[in-house]
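*Asks:* please work out how this folds:
(one chain, ligands or ions: 1)
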Amino acid sequence: MDESPEKSPLIVLDEVDSTNTWAMRNFETLVDGTVIAAVFQSAGRGRLGRKWQTLPGTALTVSAVFKNVEKPFHAGIIIGLAGLELIREYAPAAFSFFKWPNDIYIRECKISGVLSEGVLRGGCLRGVVSGIGINVNQSSDDLAVLENPATSLSVLVGKKFFLEKLRFELAEKIKKYYIIYQSNSGTVLELWRDENRLIGENLVLNMPDGSVRQGCFTAIGANGEMCLRSSDGENFRFDCGDVKIDTSLIDFNLLENKCKPKQ
Ligand code: BT5
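*Replies:* Got it, this is the predicted structure:
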């Protein structure tokens, strides 16, 4: 079997519980770099047992099989960069960025989320399945049912998109970033750091144990961890947690201007 990502297939399923679950179940038989997309995902999953909700035919729900990454968190970066590039192409006027680690936001609204899961067999890590959900054709009313602010390409641009085309383009971008990663992982990691536009901002971090941390997001460490400096100058490192965007702490107009390419 040819294992080069250039030739890895795109599998489109009409309906599935979760593309991540399907890819994990079928991991052994799938070529490295295979991309699996669903027209409808009935039980989409977020991190920490949360749900990823999308109505049929409104969104991209895609997973990819990574058998060749140096560190498991790199898989989420590869798929996240592909998603960010697609969102930028179709909504170029919107200020899109990564909210650490791999969520994609437009200001305080989530447009995309990434779920990466290690594939363990007999206690050994065989690879990673990483899935991305991108909101495309949802209306504001569709998104209003979600518990946190969310947006879609359609809300941003004011028109509907042909999902089949975007699905194919996303798969090509995932392959592209995986190939770049395999020849130079440092380039891909640097790109991801640069697109984490909340570095330098004051953030609130909700930890899985329910505790809350607040401080300045100073940097991303070598293992992808968030470095946070508290108001009394103490430095902390976190490899998990949910960043909450507090619009009273972040001036998005200022941030957007700072991030604009210089003319
Ligand atoms: C994520 O989790 O953001 C990861 C989402 C990954 C989804 C993809 S789709 C393809 C693949 N197959 C799967 O089953 N999953 C992956 P987390 O950071 O835990 O965010 C989950 C939270 O986002 C929820 O609790 C809601 O508040 C919110 N949410 C749910 N659906 C959303 C949507 N469509 N748009 C924006 N926010 C949403």
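*Asks:* where's the closest residue to the ligand within the stretch 101-250 of the chain, which helix or strand?
*Replies:* Closest approach between the stretch 101-250 of the chain and the ligand, counting by Cβ to the nearest ligand atom: Gly113, at 1.9 Å. All C-beta spots, glycine's among them, are computed from the backbone N, C-alpha and C. Using DSSP states H and E, Gly113 maps to strand 109-121.
*Asks:* report the buried residues of that strand.
*Replies:* 109-117, 119 (16 or more other Cβ atoms under 10 Å).
*Asks:* so which elements touch that strand?
*Replies:* Taking 3 or more Cβ pairs under 8 Å, 6 or more residues apart in numbering; DSSP states H and E as contact, the helices and strands that strand 109-121 lies on are helix 19-25, helix 73-90, strand 103-106, strand 124-135.
*Asks:* what's the angle from the longest one to strand 109-121?
*Replies:* Relative orientation of helix 73-90 with respect to strand 109-121: 150 degrees, computed using axes from the mean of the first three to the mean of the last three Cα atoms, to 10 degrees.
*Asks:* convert the C-alpha atoms of helix 73-90 to PDB, please.
*Replies:* Output in PDB follows, covering the C-alpha atoms of helix 73-90 (Å, rounded to 0.1, in the frame of the first residue of the first chain):
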ATOM      1  CA  PHE A  73      -0.400  17.800  19.500                       C
ATOM      2  CA  HIS A  74       1.200  18.400  16.000                       C
ATOM      3  CA  ALA A  75      -1.800  16.700  14.400                       C
ATOM      4  CA  GLY A  76      -4.200  19.400  15.600                       C
ATOM      5  CA  ILE A  77      -1.900  22.100  14.300                       C
ATOM      6  CA  ILE A  78      -1.800  20.600  10.800                       C
ATOM      7  CA  ILE A  79      -5.600  20.300  10.500                       C
ATOM      8  CA  GLY A  80      -6.100  23.700  12.200                       C
ATOM      9  CA  LEU A  81      -3.800  25.500   9.800                       C
ATOM     10  CA  ALA A  82      -5.700  23.900   6.900                       C
ATOM     11  CA  GLY A  83      -9.000  25.100   8.400                       C
ATOM     12  CA  LEU A  84      -7.700  28.600   9.000                       C
ATOM     13  CA  GLU A  85      -6.400  28.900   5.500                       C
ATOM     14  CA  LEU A  86      -9.800  27.900   4.100                       C
ATOM     15  CA  ILE A  87     -11.700  30.300   6.300                       C
ATOM     16  CA  ARG A  88      -9.300  33.200   5.300                       C
ATOM     17  CA  GLU A  89      -9.900  32.400   1.600                       C
ATOM     18  CA  TYR A  90     -13.700  32.600   1.900                       C
END
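*Asks:* buried residues, it. List them.
*Replies:* Of all the residues in helix 73-90, those buried under the rule 16+ other Cβ under 10 Å are 73-87, 90.
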